[in-house]
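Visitor: Okay, here's the prediction I keep looking at, along with the sequence it came from:
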Amino acid sequence: MEGIRIIKHNDLVKKDFIKPICILGMPGIADVGKFALDSLIGQLNAKNLIDIIFDDYPAGAIVDNSLLSAPKAEILYWKDPNELRDIMLITADAQSLTPKGIYKISNFLTERVYQYGVKLIVALGAYPVNSRQINSKVPKIFISSTNQELLEHYLVEGNCQKIQKGVIIGANGLIPTLAKARFNIDGLVFLAETDNIAMVNEDITDLKASITLLEMLKKSFTLPIKYKYTLENIDDITKSLQIKRDQLEKDLDSLQLIDTDEKRKSLYI
């Protein structure tokens, strides 16, 4: 597909996977879905399958421990030692910059999971609500699905609430929808409630919502997830992250940029 480059890490094919499902967490509001997915990748020690470099991702290089890399999407996998159900995991460093780009990468990823024999896609994200409506210490999970029977099952077993109306923006909503329309792959979307201020403040990270999604996945798919993070210790972790963020902003403010007619330097993070 034009504009998409694939880096293969493994030559596994459909027959190598046992009843695989796909769990998806892209960047979004408060990065709720992405943090949950990244945590799941670490917990399962998932292996890289392919990386996807796309020319509609933000134009810049990511620096990590002085090493440069291009923004990318990733497909990883976990082989169930009990041979009940393998897991494919999809995330990305960024969402595409344009609606056309989001459709293009979503179509590509949908085709890929179909080729690997995936029968169910579970997308993770955030459901912004007014802070005055958040009464419980445990965030509620809202659910939508491409299959009515599947929806009813998780409304009962998962103690979720319906998403009555609205739009799930980006690949988190589009991939399950396209997978159903094109390949009859069922889809679920789990959204953990978060403060709607996160929609306008990109510095907010709602770890409590992400942990709630992880606990939902553990219960629903009997995944070997350890409770490294819990709803009880999450406030301390959030405070630690805020201290680090404040220090980074202070360090950036202390940098002086040279701006002359002959030479102009800028810092990009």
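Guide: Perfect, I can see it now.

Visitor: what ranges do the strands span in the stretch 1-150 of the chain?
Guide: Using DSSP state E, counting those that start in this stretch, the strands found in the stretch 1-150 of the chain span residues 4-8, 21-24, 47-54, 62-64, 67-69, 73-78, 87-92, 120-129, 141-145.

Visitor: got those as JSON lines, with mean pLDDT columns?
Guide: Formatted as JSON lines, the strands of the stretch 1-150 of the chain follow (pLDDT from 0 to 100):
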{"stretch": "strand 4-8", "mean pLDDT": "93"}
{"stretch": "strand 21-24", "mean pLDDT": "96"}
{"stretch": "strand 47-54", "mean pLDDT": "95"}
{"stretch": "strand 62-64", "mean pLDDT": "86"}
{"stretch": "strand 67-69", "mean pLDDT": "89"}
{"stretch": "strand 73-78", "mean pLDDT": "96"}
{"stretch": "strand 87-92", "mean pLDDT": "95"}
{"stretch": "strand 120-129", "mean pLDDT": "90"}
{"stretch": "strand 141-145", "mean pLDDT": "92"}
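
Visitor: Reformat those as JSON lines; add mean neighbour count and distance to Glu111.
Guide: No exception for glycine: its C-beta is placed from N, CA and C like everyone else's. Listed next are the strands of the stretch 1-150 of the chain as JSON lines, based on neighbours: other CB atoms under 10 Å; distance: least, CB to CB, whole Å:
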{"stretch": "strand 4-8", "mean neighbour count": "12", "distance to Glu111": "11"}
{"stretch": "strand 21-24", "mean neighbour count": "26", "distance to Glu111": "12"}
{"stretch": "strand 47-54", "mean neighbour count": "17", "distance to Glu111": "11"}
{"stretch": "strand 62-64", "mean neighbour count": "10", "distance to Glu111": "26"}
{"stretch": "strand 67-69", "mean neighbour count": "9", "distance to Glu111": "24"}
{"stretch": "strand 73-78", "mean neighbour count": "22", "distance to Glu111": "12"}
{"stretch": "strand 87-92", "mean neighbour count": "23", "distance to Glu111": "12"}
{"stretch": "strand 120-129", "mean neighbour count": "25", "distance to Glu111": "13"}
{"stretch": "strand 141-145", "mean neighbour count": "21", "distance to Glu111": "21"}
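
Visitor: Tell me which of these sits nearest to Asn107.
Guide: Asn107 sits nearest to strand 4-8 of all the strands of the stretch 1-150 of the chain, at 10.1 Å, using CB to CB.

Visitor: which strands and helices sit next to the closest one?
Guide: Strand 4-8 is packed against strand 47-54, helix 99-115, with contacts defined by 3 or more CB pairs under 8 Å, 6 or more residues apart in numbering; DSSP states H and E.

Visitor: please redo it, this time with the cut-off set to 10 Å
Guide: In terms of contacts (3 or more CB pairs under 10 Å, 6 or more residues apart in numbering; DSSP states H and E), strand 4-8 is packed against strand 47-54, strand 73-78, helix 99-115.
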